[in-house]
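1. what's the 3D shape of this:
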Amino acid sequence: MVASERAEALPVSVVIPSYRGGKRLVELVESLIRCNDPPGEIVVVVDDPDPETLQALKSLSSSVPMQLLAREGRRGKVSAVNEAVKLAKCDTVLFLDDDVLIEDPHFFSKVYEAMRDCDLLDIKKRVAGEGLLAKLVHIEYTAYNFASKLMAKLARRTIAINGAAFAVKRSALESVGFFRPRLSEDFDLALRLYLKGCRFSFLDSTYVLNYAPSSWTHWLKQRKRWAVAFASWLRENFWTVLKVLVRMPHAILPGLLLSMPALLTTAVLMGLRDFAHVKLAYALLLPLSSLARFLLPAAAALSITLHVAYATTTLAILIFIVAFAVANSIIARLMGMKPHTCITPIYLLVYQVLWLTILLVGLIRVFVFNNERVEDWVV
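-> Residues are numbered from 1 along each chain as shown. So this is what the prediction gives:
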């Protein structure tokens with residue numbers, strides 16, 4: 001463990017869990033140090049770190065109060081953040097993934113001010129990159145940001161949060177017993193804080209920069225993990241989530257449909273008469289794909305084919321695409337993000353359909369076959 005002398009700074013502890021570390025972790029710490037109002041301390045927990053990362057972090061520890069914990073082997077994110085919180089000293093704890101970046105020099109003052117009026121704070125995410133995949137993820141994150149903002153405005157509480165960047169008061173963490181060993185530890189924490197009545201807010205006056213997956217292969221691997229993690233969370237908390245949905249549909253449903261518009265389009269298409277054989281094949285492939293993963297591309301291809309076919313022949317689908325493009329453009333401008341309107345058809349007819357198929361396969365895998373195993377991941 002390495003510590004540097006404490007400098008005058010805001011009373012915010014930054015917690016960064018990491019596996020192996022790498023260039024982006026070092027760049028993240030450097031971006032934190034560059035802020036005009038640096039944090040009170042940074043706590044970095046690295047499992048199985050590479051020597052170059054350790055050396056780079058140690059060299060940065062003279063610039064800001066830092067605690068660096070290197071652990072042998074891969075022991076998991078949950079144990080990493082819980083160990084870090086025990087080391088942290090400030091009442092406000094900011095959790096950052098190791099693959100984000102801070103660009104706003106006044107980032108910490110904005111976080112600190114926002115935390116005066118809440119117990120849990122979500123922070124706006126922007127997506128870095130200029131390729132097609134990065135732009136598609138950017139549209140998705142625009143919806144995620146807006147959904148989170150809706151929950152903050154309409155309910156002042158939330159049952160889910162994007163774990164890449166969020167802040168929590170230590171007292172709130174202590175009230176729920178910190179993080180539990182779950183695949184979706186961020187959703188699990190948010191729901192337990194909701195049940196404790198903790199106040200929620202969304203910060204959109206600043207942001208963290210997220211890197212989109214570097215390839216479709218990495219995106220697919222990430223989404224398979226997310227799907228199983230979400231299914232596991234939903235199965236454990238199904239009746240609680242249902243009660244919350246019934247209690248405040250006005251806060252949840254708009255954000256849900258904006259974040260996952262394929263839910264609506266797929267439901268509509270399945271209710272139409274045409275292409276019955278294709279729909280039957282898709283319905284059969286979903287459970288089969290949860291058992292044999294090589295069938296997943298075939299299931300996704302069938303659903304994408306259905307969406308494209310209906311989009312070229314059904315006026316309602318065309319109207320929906322135009323309406324979503326307009327809504328996304330308005331929301332993006334409200335959130336201070338780029339709309340990328342020209343790729344809306346690809347987003348709705350391909351990207352979203354593929355993601356929904358992965359999600360449905362994950363739900364079937366967990367709910368029906370009781371399989372929560374995730375490759376290359378430690379809770």
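2. pLDDT on stretch 71-79, on average?
-> Averaging pLDDT along stretch 71-79 gives 92.
3. show me the shaky parts of the stretch 251-379 of the chain.
-> For the stretch 251-379 of the chain, not a single residue meets the criterion pLDDT under 70.
4. can you give me the helices for it?
-> 262-271, 276-291, 296-313, 315-334, 344-346, 352-367 (DSSP state H, counting those that start in this stretch).
5. buried deepest among the ones you listed, which one?
-> helix 352-367 (a mean of 22; mean count of other Cβ atoms under 10 Å). Placement of C-beta: from N, CA and C, glycine included.
6. go ahead and name everything in contact with that helix.
-> Residues outside helix 352-367 that contact it (Cβ atoms under 8 Å, 6 or more residues apart in numbering): 140, 220, 223-224, 226-228, 230-232, 234-235, 260-263, 265-266, 286-287, 289-290, 296, 299-300, 303-304, 307, 371-372.
7. kindly recompute the last result at 7 Å.
-> Helix 352-367 has contacts (Cβ atoms under 7 Å, 6 or more residues apart in numbering) with 223-224, 227-228, 230-232, 235, 260-263, 266, 286-287, 289-290, 296, 299-300, 303-304, 307, 371-372.
8. now it and helix 276-291, what's the angle there?
-> Angle of helix 352-367 versus helix 276-291, following axes from the mean of the first three to the mean of the last three Cα atoms, to 10 degrees, is 50 degrees.
9. what's the angle from helix 352-367 to helix 262-271?
-> 90 degrees.
10. rewinding a little: need the helices of the stretch 251-379 of the chain in JSON lines (columns: distance to Leu69).
-> Output for those, formatted as JSON lines (distance: least, Cβ to Cβ, whole Å):
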{"stretch": "helix 262-271", "distance to Leu69": "41"}
{"stretch": "helix 276-291", "distance to Leu69": "38"}
{"stretch": "helix 296-313", "distance to Leu69": "38"}
{"stretch": "helix 315-334", "distance to Leu69": "39"}
{"stretch": "helix 344-346", "distance to Leu69": "43"}
{"stretch": "helix 352-367", "distance to Leu69": "32"}
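11. mind checking how far Met270 is from Leu256?
-> 18 Å (Cβ to Cβ, to the nearest Å).
12. kindly report the same for Leu150.
-> 10 Å.
13. ends of stretch 264-280, how far apart?
-> For stretch 264-280, the first-to-last residue distance is 18 Å (Cα to Cα, to the nearest Å).
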